[in-house]
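show me how the following folds:
(chains A and B)
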Amino acid sequence: MIETDIIIIGAGPCGLFTVFEAGLLKLRCHLIDSLPLPGGQLVEIYPKKPIYDIPGFPVVNAGELVDNLMKQIEVFKPAFTLGESAQYLEEAEGKYVVTTNKGTKHRAPIVIIAGGLGVFEPRKPPIENLALFEDKGVEYIIRDPELYRNKRVVISGGGDSALDWTIYLIENKLVKNLVLVHRRTSFRGHLDSVQKVMDMAQAGKIELITESEVVGINSNGNGQVGSVVIKHVNLGDIIKEADHFVPLFGLTPSLGPIADWGLELEKNAVKVNTVDYSTNRPGVYAVGDINTYPGKLKLILCGFHEGTLAVQSAFARIHPNKKNVLKYTTVNGVSGF
Amino acid sequence: MENTIKVNIIDREGTRHELDAPTDMNMNVMELCKSYELPVEGTCGGMALCASCQVYLESDTELPDQNDAELAMLDQAFHVKDNSRLGCQIRITELIDGIVLRLAPQ
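I've put the predicted structure just below:
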């Protein structure tokens, strides 16, 4: 069990800066993020994009802003659980326990949700009975390529991950056969990957079916994937026998497990009180893009403000009898842990 | 009104909304829909990264060609047709006055 003062869910810019403001109040933080690196969307989606509305920075690249934030909070020694998503929030003896999808447990009196867009989940194609076959031959992420050894595999998608996995599974002679289904005739992946896949199709190592989409899945009789129905724009339905169907259409953000934490929600965001950005659960706060309130603006600079006020309130909860006054860093400097 | 054009949005129930759209606010169609509280998520904030603002172009309005980011995103989206566009990549300018767009399924 990881013990800390504040569990911050989400290691994007708002989560990171909240560590700084908490540190000034001598509160320790532990951050949880489903992505393998801190930075959230700034690192995952747009590291090279310039941001123009961070006060004091005429322009700063998203990745650079994250680097600077990491430097700024270093003195407060934040700890991280990365590559795991916060799954459960439970109350125990006046504290909260947050458990990740991998079972890592964290305990603290305060939880600050700085979850941004939510967790990044695979985009699922609109096939009626798709969910029935999840983990029964349908996988949205390839975790263990060995699963496909000597199997008949249908991959759909036209981006880099569809191309890269096609190449990997063939080059390592894992699959029995592989069908790649793509909606268009051209691919938008890296040029050399596209060329490799085209060569593989030419050489008969894979079957490439373009201008087509997978529209249905049939069972093999035991509830596992037995075949897929592929709809060609001109030729109609094609049935391909398959043991696995792997749709690879990238990731899309969703609120994820937070939606089941008993928090008041509005339009896919967590409702907060703007006095201290607290949610309806005492000791649970929400800051940054994931919260909503009248007049909400999804801006990094607003998230910094929200985190700052939230930790003041958190301090009062943790130390109800301690006096606290705002101290300026210009007067006192920053003393770390 | 000066600096205002008409943008027609057909929602997922088939209802047509004729929206007054300002051309001097540097807006795009996704933002316009949100400002009229039409059911468009715009999750990524307009960076052509989520396709939650996919629309079908139903008028013969001439739009600028799609950029790489939009094409790449539409490649990963669903319910995509030949006339699919991302609302966040359509700028509100005089050139699109009278445009008719239908919201794609979610």
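
okay, helices next: where are they in the stretch 1-150 of chain A?
For the stretch 1-150 of chain A, the helices defined by DSSP state H, counting those that start in this stretch occupy A:13-24, A:41-44, A:62-73.

need these in a markdown table (columns: mean neighbour count).
C-beta here means a position set from N, CA and C on the backbone, and glycine is covered the same way. What follows is the helices of the stretch 1-150 of chain A, written out as a markdown table (neighbours: other C-beta atoms under 10 Å in any protein chain shown):
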| stretch | mean neighbour count |
| --- | --- |
| helix A:13-24 | 26 |
| helix A:41-44 | 22 |
| helix A:62-73 | 18 |
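
hey, least reliable of the ones you listed by pLDDT?
For these, the weakest mean pLDDT is recorded on helix A:41-44, namely a mean of 85.

what packs against that helix?
helix A:62-73 (3 or more C-beta pairs under 8 Å, 6 or more residues apart in numbering or on different chains; DSSP states H and E).

what does the helix it packs on rub up against?
Residues from elsewhere that reach helix A:62-73 (C-beta atoms under 8 Å, 6 or more residues apart in numbering or on different chains): A:13, A:16-17, A:19-20, A:23, A:38-39, A:41-43, A:46-51, A:54, A:57, A:60, A:300.

mind redoing it with 6 Å?
A:13, A:16, A:17, A:19, A:20, A:39, A:42, A:43, A:46, A:47, A:49, A:51 (C-beta atoms under 6 Å, 6 or more residues apart in numbering or on different chains).

up against chain A, what does chain B have?
B:43, B:49, B:72, B:75, B:76, B:78 (C-beta under 6 Å from any C-beta of the partner chain).

need the buried ones from those selected in ChimeraX.
A single ChimeraX command suffices to select whichever of the residues of chain B next to chain A are buried according to 16 or more other C-beta atoms under 10 Å in any protein chain shown:
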select /B:43,49,72,75,76,78
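
by proximity to chain A, which residue of chain B wins?
residue B:76 (4.5 Å; C-beta to the nearest C-beta).

give me the pLDDT for that residue.
85.

neighbours around the residue lying closest to residue B:54 once chain neighbours are set aside, how many?
With sequence-adjacent residues excluded and distances taken as C-beta to C-beta, 6 or more residues apart in numbering or on different chains, residue B:54 is closest to residue B:104, at 3.9 Å. When neighbours are counted by other C-beta atoms under 10 Å in any protein chain shown, residue B:104 registers 22.

would you confirm that residue B:104 contacts residue B:77?
No - under the criterion of C-beta atoms under 6 Å, residue B:104 makes no contact with residue B:77, lying 8.1 Å away.

quick check: neighbours shared by the two?
residue B:54.

near chain B, which residues of chain A are found?
A:45, A:125, A:126, A:158, A:159, A:188, A:249, A:250, A:253.

one more time with 7 Å
A:45-46, A:117, A:123, A:125-126, A:158-159, A:183-184, A:188, A:249-250, A:252-253, A:298 (C-beta under 7 Å from any C-beta of the partner chain).

of those residues, which belong to strands?
In this view, these that belong to strands under DSSP state E are A:252, A:253.

could I have the PyMOL command that selects the buried members from the residues of chain A next to chain B?
Restricted to buried positions by 16+ other C-beta under 10 Å, the PyMOL selection for the residues of chain A next to chain B reads:
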select buried, chain A and resi 45+46+117+123+125+158+159+183+188+249+250+252+253
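
the residues of chain A next to chain B: which two are farthest apart?
Pairwise distances among the residues of chain A next to chain B were taken by C-beta to C-beta; the largest, 32.8 Å, belongs to A:184 and A:298.

quick check: the residue nearest to residue A:96 when sequence neighbours are not counted vs residue A:52, distance?
Leaving aside its chain neighbours, residue A:96 sits nearest to residue A:111 (5.0 Å; criterion: C-beta to C-beta, 6+ apart). Using C-beta to C-beta, to the nearest Å, residue A:111 is found at 32 Å from residue A:52.

quick one: residue A:199 is in a strand?
No - judged by DSSP: H, G, I helix; E, B strand; the rest coil, residue A:199 forms no part of a strand; its state is helix.

could you check the pLDDT of it?
So residue A:199 comes in at 97 (pLDDT).

next one: the one 10 residues further on
Per-residue confidence (pLDDT) for residue A:209: 97.

format the contacts of helix A:62-73 as TSV; extra columns: distance to residue A:278.
Shown next, in TSV, are the contacts of helix A:62-73 (distance: C-beta to C-beta, whole Å):
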residue	distance to residue A:278
A:13	21
A:16	20
A:17	18
A:19	19
A:20	20
A:39	26
A:42	26
A:43	28
A:46	30
A:47	32
A:49	32
A:51	28
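
from these, which single one is nearest chain B?
If you rank these by distance to chain B using C-beta to the nearest C-beta, residue A:46 comes first, at 6.4 Å.

show me which helix or strand of the chain is least confident by mean pLDDT.
Picking chain A for this. strand A:251-254 (a mean of 80; mean pLDDT, DSSP states H and E).

should've been chain B
helix B:68-76 (a mean of 87).

quick one: contacts of the helix or strand following that helix?
Heading C-terminal from helix B:68-76, the first helix or strand you meet, by DSSP states H and E, is strand B:84-86. Around strand B:84-86, the neighbours that count as contacts under C-beta atoms under 7 Å, 6 or more residues apart in numbering or on different chains are B:48, B:51, B:53, B:54, B:55, B:56, B:57, B:63, B:70, B:73, B:74, B:104.
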